[in-house]
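In: give the three-dimensional model of this entry:
(chains A and B)
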Amino acid sequence: KAGVTQTPRYLIKTRGQQVTLSCSPISGHRSVSWYQQTPGQGLQFLFEYFSETQRNKGNFPGRFSGRQFSNSRSEMNVSTLELGDSALYLCATHEGRGRKNYGYTFGSGTRLTVV
Amino acid sequence: GQSLEQPSEVTAVEGAIVQINCTYQTSGFYGLSWYQQHDGGAPTFLSYNALDGLEETGRFSSFLSRSDSYGYLLLQELQMKDSASYFCARLNNAGNMLTFGGGTRLMVKP
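Out: Residues are numbered from 1 along each chain as shown, chains lettered A, B, ... in the order given. Coordinates of the predicted model:
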């Protein structure tokens, strides 16, 4: 089956702009999470969606937002971009039910560079 | 605290066994996971411990001891392709958030 698809793979934006990133989960995976990865802060949780509802949110400013659609696809948006938002943004998906094998499947990420 | 501590770098030779430790400071969580990430790649799920004890998946095994606030990933019969970063990650009780350690960069030498 197809993996987690993130688009675009690379993005260059200017400070002050906004950006929208997309994630298509594995078929049947209803939980979609977003993570930011930087050399300095490592992997940090942004938010998680399940059945179009945000169930959890990390410690990021309100400029970071997201949503999930009825087909489980998710988007995240970052407004008023800052240089420090330059990072690899990773989407991770899971079936969202049962707890026996809690392995998340990650997409290849979107590399965002803010200049 | 919420952090998970891992060694930043480990070096081992091909064919050897290496153990990557992960210590944490919170007691309330659902399970401990391990992920592998090659340079430029996505994290890949390796193993998950919901209960104390050892979980074995091929050459990789993971161990958890909640009483010692400690876990480890054991890699056997090391191969060059095992050179990568390895992350431990704690799953919260709600099962909807991973908190990652800083990662351990493993270098396998011939």
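In: name the nearest residue to the residue in chain A positioned nearest to chain B, ignoring sequence neighbours.
Out: In chain A, the residue that lies nearest chain B is residue A:103 (3.5 Å; CB to the nearest CB). Any C-beta I mention is one placed from the backbone N, CA and C, and that applies to glycine too. Of all residues not flanking residue A:103 in the chain, residue B:45 sits nearest, at 3.5 Å (CB to CB, 6 or more residues apart in numbering or on different chains).
In: and residue B:31, what are its bridge partners?
Out: Per DSSP bridges, the residues bridged to residue B:31 are residue B:91.
In: sorry, back to before: what's the helix or strand for the residue nearest to residue A:103?
Out: Here residue B:45 sits within strand B:44-49, counting by DSSP states H and E.
In: where does the residue of chain A closest to chain B sit: helix, strand or coil?
Out: Look at residue A:103: counting by DSSP: H, G, I helix; E, B strand; the rest coil, its state is coil.
In: quick one: it and residue B:48 touch, right?
Out: Yes: using CB atoms under 8 Å, residue A:103 is in contact with residue B:48, at 5.9 Å.
In: so what sits against both of those two?
Out: Common contact partners of residue A:103 and residue B:48 (CB atoms under 8 Å, 6 or more residues apart in numbering or on different chains): residue B:33.
In: compare neighbour counts for the two and give me the winner.
Out: For residue A:103 versus residue B:48, neighbours defined as other CB atoms under 10 Å in any protein chain shown are more numerous around residue B:48 (22 against 15).
In: show me what the more buried one is bridged to.
Out: Beta bridges link residue B:48 to residue B:33 when assigned by DSSP bridges.
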